[in-house]
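**Student:** Sequence plus predicted model, see below.
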Amino acid sequence: MSLILLITNYIGIIAFSISGSMKAIEKKMDLLGVITLGFSTSLAGGILADLLLGITPPTNLIYIPYPTASFIASIVTFAFYKKFTHVSKPLIYADALGLGAFTASGASLAFSLRPDPLLVIMVGTITAVGGGVLRDILANEIPLVLTKEFYASASIIGSTIYYGLAELGVQTGFLTTLVLLLTFALRLLAIRMKWKLPNAS
Amino acid sequence: MSLILLITNYIGIIAFSISGSMKAIEKKMDLLGVITLGFSTSLAGGILADLLLGITPPTNLIYIPYPTASFIASIVTFAFYKKFTHVSKPLIYADALGLGAFTASGASLAFSLRPDPLLVIMVGTITAVGGGVLRDILANEIPLVLTKEFYASASIIGSTIYYGLAELGVQTGFLTTLVLLLTFALRLLAIRMKWKLPNAS
Amino acid sequence: MSLILLITNYIGIIAFSISGSMKAIEKKMDLLGVITLGFSTSLAGGILADLLLGITPPTNLIYIPYPTASFIASIVTFAFYKKFTHVSKPLIYADALGLGAFTASGASLAFSLRPDPLLVIMVGTITAVGGGVLRDILANEIPLVLTKEFYASASIIGSTIYYGLAELGVQTGFLTTLVLLLTFALRLLAIRMKWKLPNAS
């Protein structure tokens, strides 16, 4: 794994864990709920992707550094959560970086195992947004990614580009970084330009 | 796969996708939510069945025609959803056909891999109703099949008959069609006779 | 499997099925909903654990006695549910025994396949509380284990002890019984002492 993917993966895990932990606190869950929602938001997408690809046990349950990062992020959020309401802006950028990193990791893993277009797009997207969907299900809410903003769409576009360029033979390391940055940029643009998908009405 | 199973599978995918998309529109989800709920309702049951059977990656993520049919059905529902509120009656019949086709496909797949009674019944039923359960979870509602009507029950009976007759040596192609039609007929009867399972009260 | 683990497994399946069925009745589900929630609460944790470990089809869909016990417990709950509201105290003890049995079974299975610390702890805990989480998701509620009481925590501690002592070479049969009883005792203590995890506030 390239250094940039490694670093952004950790940034993503931390940002996603904080997002899950904040949601748990908002829903008056206890410390275990806070840790569980942090873990789910940051790592359940990758676990589901692994199951779909037949990778058992899932990497996120064996490779310890990722869950450890999530655990620490959740504990810190629990302890200092009032502070975190003041840092929502940096968190949005960290979250967007994570979206890019998870998309690139997922798409790259799927393509390396089986270069099917739908599989690559689905696994890239599920790796990136599956955890957020589980967070919202556990919090008894409609998943945010289904209702508003241009969020999962950035991941879908990133994964699609990964598949297309990988089919054309672009070198994996370069392509992973490219898709990471493209997805990140798309998400930032979406925030800045307030992009929204249409509603039926 | 027999022609009748193929055709009814597509009818089911389209009917289930419309049902998921309508639910998404009702819940004010955006275009991505509409496509996701259409996809989940029509294809997630089969994906879960594949995971339980150890088939990875799941067929519905690799065999492109099914997701394509779901995608088109969701887009059309999104574009013309006001029209769809006037066609609820034909939709109920299409949905019942899909229930039959998915039950027969699921039970047949499970039996071919491992002729265990509970496995065949669970996989047949999950293939048919698992997507609807996920649709309702994503829409933050109690799954409809758990609260009313004789719906999953038709699928359970169909799957049970599949197992019984397959054990007796009935030929697969004929049996699949038979179970498809029986499940369809049971569901139609249930609608016409307003069958309900009892409540505890 | 030792006799004590076998017996407590059945006690757990029955107690968990009753808990799921009661929730279904409270939510006005029909007979199928009652059976489904009984099944999910008692057996879905083990099914998810099997999927994470790559065991397909999951044991709980093939080994018939467990689902049969759950089925009977749900039917009896459905028929006599008014009586069950008077036996909540014995049920809490049966539930605690089940928590211990499921934790010990899950941790032991995971360790035998792959002695990774996080995997053993996660699989032990998911086997024990995963079904209850699914019960609450299907009932459209925030999972109880995330909000209050010292419940999943007992399972986490039990699984952790399993891993630690198994690594030290303690014999499996003895260790499984020990972890069963320890988790049970922890849960009873938690009830008696009204232990709670902290909330962020």
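**Tutor:** Yep, that arrived.
**Student:** ok, and does the worst-scoring helix or strand of chain A on mean pLDDT reach over to chain C?
**Tutor:** Least confident element among the helices and strands of chain A, by mean pLDDT, DSSP states H and E: helix A:81-84 (a mean of 84). Yes: Helix A:81-84 lies within reach of chain C by CB under 8 Å from any CB of the partner chain, at A:Y81. In short, each C-beta sits where N, CA and C put it, glycine included.
**Student:** Can you tell me what sits against that helix?
**Tutor:** Helix A:81-84 has contacts (CB atoms under 8 Å, 6 or more residues apart in numbering or on different chains) with A:I18, A:S21, A:M22, A:I25, A:T77, A:L91, C:A200.
**Student:** which of the residues you listed has the most neighbours?
**Tutor:** Neighbour counts for those, by other CB atoms under 10 Å in any protein chain shown, peak at A:S21, which reaches 32 neighbours.
**Student:** For that one, give me its contacts.
**Tutor:** A:V34, A:I35, A:L37, A:G38, A:A73, A:S74, A:T77, A:F78, A:Y81.
**Student:** Out of those residues, name the ones that lie in helices.
**Tutor:** Counting by DSSP state H, the contacts of A:S21 place A:V34, A:I35, A:L37, A:G38, A:A73, A:S74, A:T77, A:F78, A:Y81 in helices.
**Student:** Kindly state the pLDDT recorded for the nearest residue to A:E26 once chain neighbours are set aside?
**Tutor:** What sits nearest to A:E26 in space, not counting adjacent residues and going by CB to CB, 6 or more residues apart in numbering or on different chains, is A:A139, at 7.9 Å. The score at A:A139 is 97. That number is its pLDDT.
**Student:** same question, the one 3 residues further on
**Tutor:** A:I142 is assigned 96 on the pLDDT scale.
**Student:** Let's verify the residue nearest to it when sequence neighbours are not counted: helix, strand, or coil?
**Tutor:** Leaving aside its chain neighbours, A:I142 sits nearest to B:N140 (4.7 Å; criterion: CB to CB, 6+ apart). Here B:N140 is recorded as coil under DSSP: H, G, I helix; E, B strand; the rest coil.
**Student:** Just list the residues touching B:N140, thanks.
**Tutor:** A:N140, A:E141, A:I142, B:K27, C:N140.
**Student:** between those residues, which is closest to A:L189?
**Tutor:** Using CB to CB, A:I142 comes nearest to A:L189 of the contacts of B:N140, at 25.1 Å.
**Student:** Isn't the closest one up against B:A24?
**Tutor:** No: counting by CB atoms under 8 Å, A:I142 stays clear of B:A24, with 9.6 Å between them.
**Student:** packing partners for the top helix by length along chain A?
**Tutor:** In chain A, assigned by DSSP H, the helix with the most residues is helix A:88-113. Counting contacts by 3 or more CB pairs under 8 Å, 6 or more residues apart in numbering or on different chains; DSSP states H and E, helix A:88-113 is packed against helix A:3-26, helix A:31-53, helix A:117-138, helix A:152-167, helix A:172-192.
**Student:** Could you list the buried residues of the longest one?
**Tutor:** Across helix A:3-26, burial judged by 16 or more other CB atoms under 10 Å in any protein chain shown covers A:5, A:8-25.
**Student:** Equivalent analysis for the fourth one, please.
**Tutor:** Of the residues in helix A:152-167, those buried by neighbour count under the rule 16+ other CB under 10 Å are A:152-163, A:166.
**Student:** pLDDT of it, averaged?
**Tutor:** pLDDT averaged over helix A:152-167 gives 98.
**Student:** contacts for that helix?
**Tutor:** Counting by CB under 8 Å, 6+ apart, A:99-100, A:102-104, A:106-108, A:111, A:115, A:117, A:120-125, A:128-129, A:145, A:172, A:175-176, A:178-180, A:182-183, A:186-187, A:190, A:197, B:32 sit against helix A:152-167.
**Student:** Need the per-residue pLDDT for the residue nearest the centre of chain A.
**Tutor:** In chain A, the residue lying closest to the centroid (CA atoms, centre = their mean) is A:A128, at 3.2 Å. In this model, A:A128 is scored at 97, pLDDT.
**Student:** Buried ones among the contacts of helix A:152-167?
**Tutor:** A:99-100, A:102-104, A:106-108, A:111, A:120-125, A:128-129, A:145, A:175-176, A:178-180, A:182-183, A:186-187, A:190, A:197, B:32.
**Student:** so what's A:K27 up against?
**Tutor:** With CB under 8 Å, 6+ apart, A:K27 has these contacts: A:G33, A:A139, A:N140, C:I142, C:T147.
**Student:** wait, doesn't A:S74 sit right on A:S17?
**Tutor:** Yes: counting by CB under 8 Å, A:S74 touches A:S17, with 5.3 Å between them.
**Student:** got any residues that touch both of the two?
**Tutor:** Common contacts of A:S74 and A:S17 (CB under 8 Å, 6+ apart): A:G38, A:F39.
**Student:** Name all residues that make contact with A:I25.
**Tutor:** Neighbour list for A:I25: A:V34, A:T77, A:F78, A:Y81, C:A200 [criterion: CB under 8 Å, 6+ apart].
**Student:** Using TSV, please lay out those residues together with distance to C:T68.
**Tutor:** Below are the contacts of A:I25 laid out as TSV (distance: CB to CB, whole Å):
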residue	distance to C:T68
A:V34	38
A:T77	44
A:F78	43
A:Y81	47
C:A200	44
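**Student:** OK, contacts around the residue nearest to A:A69 when sequence neighbours are not counted?
**Tutor:** Nearest residue to A:A69 in three dimensions, chain neighbours excluded: A:I13, at 4.8 Å (CB to CB, 6+ apart). Listed by CB under 8 Å, 6+ apart, the contact set of A:I13 reads A:S42, A:L43, A:Y66, A:A69, A:S70, A:A73, A:G98.
**Student:** Tell me the backbone dihedrals of the fifth one, please.
**Tutor:** According to degrees, to the nearest 10, the main-chain angles of A:S70 amount to phi -60, psi -40.
**Student:** Neighbours of it, how many?
**Tutor:** Neighbours of A:S70 under the rule other CB under 10 Å: 27.
**Student:** How about the contacts made by it?
**Tutor:** By CB under 8 Å, 6+ apart, A:S70 lies in contact with A:I13, A:I14, A:F16, A:S17, A:G38, A:F39, A:S42, A:L43.
**Student:** My read is that the second one contacts A:A73, right?
**Tutor:** Spelled out, it's A:I14. Yes: shown here, A:I14 and A:A73 form a contact pair, counting by CB under 8 Å, at 4.5 Å.
**Student:** Now for those two: what residues contact both?
**Tutor:** Common contacts of A:I14 and A:A73 (CB under 8 Å, 6+ apart): A:S42.
**Student:** so where's chain A shaky on pLDDT?
**Tutor:** A:1 (pLDDT under 70).
**Student:** re earlier: a markdown table please, covering the contacts of A:S70 and showing distance to C:T85.
**Tutor:** Conversion of these to a markdown table gives the following (distance: CB to CB, whole Å):
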| residue | distance to C:T85 |
| --- | --- |
| A:I13 | 44 |
| A:I14 | 46 |
| A:F16 | 41 |
| A:S17 | 40 |
| A:G38 | 36 |
| A:F39 | 35 |
| A:S42 | 40 |
| A:L43 | 39 |
